[in-house]
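Participant: pasting the structure only:
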């Protein structure tokens, strides 16, 4: 499980603050599914890009509370796509308008109809949106000064990223870019509905974002021969594996900010 407290949070980047940093890891039982949740001001209130899933719910509440923010203060939630690890905490934000791609809704309907298999789409996704104000995006939507939501398909047909066109320019990626390796290689490291579209979408991110906030990694800048990470990152796994010690730390990952050269 993840540790608690500010060790999970990355540095502020312009108007954005990553209040929960995504984890670029999986196991032989599948993805842990810890995504980045990014907070920013919008329309005199607060907006959140992606909400995470149940295992992050308590940490998400705590992260907001440390900043003096109640869930009802969040007036807009951008869902990058409808995979479980990005949407399941949406019910926390009852006052929020949801921004979601129209193509993603159609895709989820195809999954429900058995036309496409995508086990990461929760069966009850329509209930998450029921009774809510939903602003659907076709290809692009200006949501504020220097803020544009753009559809970048590949991982799913309706993946959204958020671009800030100020200084520095920032790309909040969702799973269009999941981790640093995808920017370095220009290709998806894992699940992609269309590899060619994923490459094209990753290239758009590289062109438009001086700072990149991935869906499952900490924020970085692309540099020659590597990445400059802008925040620290710490993650631990605990276990109760008899007869080993109770709550034993089985794995620790501690990473510092700064430049990391490509191997």
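Facilitator: Yes, it's here. For clarity, every value in this text was computed on a predicted model and none was experimentally measured.

Participant: Doesn't residue 184 belong to a strand?
Facilitator: No - under DSSP: H, G, I helix; E, B strand; the rest coil, residue 184 falls outside any strand and is assigned helix.

Participant: Look at it and report its pLDDT.
Facilitator: At residue 184, the pLDDT value in this model is 95.

Participant: That one against residue 223, yeah?
Facilitator: No - assessed by CB atoms under 8 Å, residue 184 is found out of contact with residue 223, at 10.2 Å. In short, each C-beta sits where N, CA and C put it, glycine included.

Participant: which of those two has more neighbours?
Facilitator: Under the criterion of other CB atoms under 10 Å, the comparison of residue 184 against residue 223 puts residue 184 first, with 17 against 12.

Participant: In which helix or strand does residue 48 reside?
Facilitator: Per DSSP states H and E, residue 48 falls inside strand 45-49.

Participant: Show me how far the helix or strand just after that strand is from its chain's centre.
Facilitator: Sequence order places helix 57-66 as the next helix or strand after strand 45-49, per DSSP H and E. Relative to its parent chain, helix 57-66 has a centroid offset of 16 Å by CA atoms, centre = their mean, to the nearest Å.

Participant: What of stretch 139-156?
Facilitator: Once both centres are worked out by CA atoms, centre = their mean, stretch 139-156 turns out to sit 14 Å from its chain's centre.

Participant: what's the neighbour count on residue 241?
Facilitator: By other CB under 10 Å, 10 other residues sit near residue 241.

Participant: Can you name the residues that contact it?
Facilitator: Neighbour list for residue 241: 248, 250 [criterion: CB atoms under 8 Å, 6 or more residues apart in numbering].
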